[in-house]
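Q: Give me a 3D structure for the following:
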Amino acid sequence: MTFGVRKAILRLTSLATIACVSIILGIVTLNYTEATSEVFAARLMSFLICGTPRAHTFDSQGVPLVRYSRFSGLFYNPVYVGIYGLAYYDKWMNSSENLYFLKYYDLSLPKNPPGTNMWLSRFLATADWYADKMQIRCSSSGIIYGVWVYDFPWKVGVYDLDPGWVSGMAQGLGIQVLLRAWKLTGNGKYLEAARKACKSFFVPVREGGVTYMDSQDTWWYEEYASPKAEETRVLNGHEHALIALREAYLLTGEDEFRMLFERGLNALVRYLPKYQVKDFCWTYYDAKGTLANRKYHCINIALTRKIYESSGCQ
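A: Numbering: from 1, shown residues only. Below is the predicted model of the structure:
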């Protein structure tokens, strides 16, 4: 065997070893909510499986689509539409308003300077997506409400959701994007869509809404909501919903938003200690005892701090 052949074999072996280690790292650290873990491992896994190092791409308007390695195809994820919408908004406003949590996401943002019209166009495209893609439902008690429905399954760990599930986190992020669009443009369709999304928090999960009503004034907003799904109570999803509801009340002055925030805050105060890992400076991702990975541990802290600083509640 010549030196050149041995060198080529050695190189291929090294590359294969790196790929295997990265895939194992990705699987071991894989979060239960998305197809990313550590950035390097996630990008390598995406490249090996899908032929691209990026999990996110965009439609012609700049609305994000997510590529999941678990199943083929690109999908609109209502949570990621909101995450990108808020990132676009910050770029348009040349602010860091949402950086406290956005900095923990590996986003594929264009290189355009802040304040350029492209950011406004993309932001409004996400708001239009929320307004146009909302599904209107009626609860058994006669509440007319709007939700953004996931058209792909999520079957990972304790999460066993068929297409058609909804998310309290997506509802909250959608409200944030819609109300910012309303404030920027004055277009009433955004405010109306935000109000319909708000109504979903008054509907129990078992009836197609996003809320677990523990008592009259203690409500938990579920990130992974489906009448047939196991109750998981994801911390960051509930906290995102709380932050959105408080913002909505401050922007509109409407009592429904205030009431929903207060009931959700009562639930957070009651259950938050259960998300701290005993004798260890770390947090759980959900109420099932799933340990948060580094990304979601940092997000848990950032969101909790944001709620504390804005509400003064301890």
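Q: So for stretch 227-247, what gets flagged as buried?
A: For stretch 227-247, the neighbour count (16 or more other CB atoms under 10 Å) marks 229, 232-247 as buried. Just so you know, the C-beta spots here come from the backbone N, C-alpha and C atoms, and that holds for glycine as well.
Q: Restricted to helices, list the residues you listed.
A: Cross-referencing the buried residues of stretch 227-247 against helices under DSSP state H gives 235-247.
Q: Residue 311: which of these is nearest?
A: residue 246 (6.9 Å; CB to CB).
Q: Spit out the contact partners of that closest one.
A: By CB atoms under 8 Å, 6 or more residues apart in numbering, the residues touching residue 246 are 257, 261, 307, 310-311.
Q: Now the buried members of the residues you listed.
A: Neighbour counting with 16+ other CB under 10 Å marks 257, 261, 307, 311 as buried within the contacts of residue 246.
Q: ok, which pair from the residues you listed is furthest apart?
A: Across the buried ones among the contacts of residue 246, no pair lies farther apart than 257 and 307, at 14.9 Å, counting by CB to CB.
Q: Spatially nearest residue to residue 125 (excluding sequence neighbours)?
A: Distances taken as CB to CB, 6 or more residues apart in numbering place residue 61 nearest to residue 125, at 3.8 Å, with adjacent residues excluded.
Q: Residue 170 now?
A: residue 78 (3.7 Å).
Q: Contacts only, for the one you found.
A: Under the contact definition (CB under 8 Å, 6+ apart), the residues listed for residue 78 are 130, 133, 148-150, 167, 170, 173-174.
Q: quick one: which of those is nearest to residue 221?
A: residue 167 (9.3 Å).
Q: Now do the contacts for the residue nearest in space to the middle of the chain.
A: The chain has residue 79 as the residue nearest its centroid, 3.9 Å off, counting by CA atoms, centre = their mean. Counting by CB under 8 Å, 6+ apart, residue 79 makes contact with 167, 169-170, 173.
Q: Of the residues you listed - the most surrounded one?
A: Highest neighbour count within the contacts of residue 79: residue 167, with 32 neighbours (other CB atoms under 10 Å).
Q: Distance of it relative to residue 98?
A: 18 Å (CB to CB, to the nearest Å).
Q: tell me how far the ends of stretch 161-177 are from each other?
A: Distance between the boundary residues of stretch 161-177 (CA to CA, to the nearest Å) amounts to 26 Å.
Q: my bad, should have said stretch 159-171
A: End-to-end distance for stretch 159-171: 19 Å, by CA to CA.
Q: contacts for it?
A: 32, 78-79, 81-82, 147-155, 197, 200-201, 208-211, 221-226, 228-230, 232, 234, 236-238, 240-241, 244.
Q: quick one: it to chain centroid distance?
A: Relative to the centre of its chain, stretch 159-171 is centred 11 Å away, using CA atoms, centre = their mean, to the nearest Å.
Q: re earlier: quick one: the contacts of residue 78 as JSON lines, columns for distance to residue 292 too.
A: Output for those, formatted as JSON lines (distance: CB to CB, whole Å):
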{"residue": "130", "distance to residue 292": "28"}
{"residue": "133", "distance to residue 292": "30"}
{"residue": "148", "distance to residue 292": "25"}
{"residue": "149", "distance to residue 292": "27"}
{"residue": "150", "distance to residue 292": "22"}
{"residue": "167", "distance to residue 292": "18"}
{"residue": "170", "distance to residue 292": "20"}
{"residue": "173", "distance to residue 292": "19"}
{"residue": "174", "distance to residue 292": "24"}
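Q: Can you tell me which of those is nearest residue 185?
A: Each of the contacts of residue 78 was scored against residue 185 by CB to CB, and residue 130 proved nearest at 13.7 Å.
Q: per-residue confidence for residue 126?
A: Residue 126 carries a pLDDT score of 98 in this model.
Q: Tell me if I'm right that it and residue 88 touch.
A: Yes. Taking contacts as CB atoms under 8 Å, residue 126 lies within contact range of residue 88: 6.6 Å.
Q: Which neighbours do these two have in common?
A: residue 62.
Q: Quickly note the distance from residue 66 to residue 57.
A: 8 Å.
Q: Any stretches of the stretch 51-200 of the chain with poor pLDDT?
A: Scanning the stretch 51-200 of the chain for pLDDT under 70 picks out the ranges 51-54.
Q: where do the helices sit along it?
A: 78-93, 99-102, 117-133, 168-185, 188-199 (DSSP state H, counting those that start in this stretch).
Q: what's the most buried one of those helices?
A: Most buried of those, by mean neighbour count (mean count of other CB atoms under 10 Å): helix 168-185, with a mean of 25.
Q: Run the angle between that one and helix 117-133 for me.
A: 120 degrees (axes from the mean of the first three to the mean of the last three CA atoms, to 10 degrees).
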